[in-house]
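Novice: Give the three-dimensional model of this entry:
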Amino acid sequence: MTLDEITYKINGCAMKVHNTLGNGFQEVIYQRCLAIEMERAGLSFGREIEQIIYYEGIEVGKRRADFVVENQVTVELKT
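Specialist: Residues are numbered from 1 along each chain as shown. Predicted coordinates:
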C-alpha cells in the first residue's frame with residue numbers, strides 16, 4: 001500500500017468517527033473509535049508506541065504516538 005493510500009484510509013476513518021460522534025468527548029474515546037474504524041479498513045497499527053527522538057544523531061527524548069499505522073504513518077489525535 002502506498003503512503004497516499006494509507007493516509008487516504010486514515011483520513012476516511014477519522015472523518016467517520018468525527019461525523020458519528022461529533023464534538024465534546026475525551027481524546028481516549030476518539031482514539032478507541034478510530035482504532036475500530038482503522039481495523040475495519042484493514043489497516044495494521046500499534047497504539048501508544050514509544051518513539052525515540054533524535055536531533056542530528058543525538059537522542060534528545062522519547063514520545064508516545066497515539067497510533068503508528070502500517071509502520072509508516074504516525075497519527076497524533078488532538079481534541
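
Novice: the helices in this structure, which residues?
Specialist: Listed in chain order, the helices of the chain (DSSP state H) span 3-21, 27-40.

Novice: List the buried residues for the last one?
Specialist: Read it as helix 27-40. Judged by neighbour count using 16 or more other CB atoms under 10 Å, the buried positions of helix 27-40 are 30, 31, 33, 34, 35, 37, 38. Every C-beta, even on glycine, is put in place using the N, C-alpha and C of the backbone.

Novice: how about those residues, which pair is most distant?
Specialist: When the buried residues of helix 27-40 are compared pair by pair using CB to CB, the two farthest from each other are 30 and 38, 12.1 Å apart.

Novice: contacting residues for the closest residue to residue 68 other than its chain neighbours?
Specialist: Closest residue to residue 68 in three dimensions, ignoring its sequence neighbours and counting by CB to CB, 6 or more residues apart in numbering: residue 49, at 4.6 Å. Applying CB atoms under 8 Å, 6 or more residues apart in numbering, one finds that residue 49 lies in contact with 64, 65, 67, 68.

Novice: One more: residue 17?
Specialist: If you count contacts by CB under 8 Å, 6+ apart, residue 17 has them with 30, 33, 34, 37.

Novice: What distance do you get for residue 48 to residue 74?
Specialist: As defined by CB to CB, to the nearest Å, residue 48 lies at a distance of 12 Å from residue 74.

Novice: Thanks a lot, catch you later.
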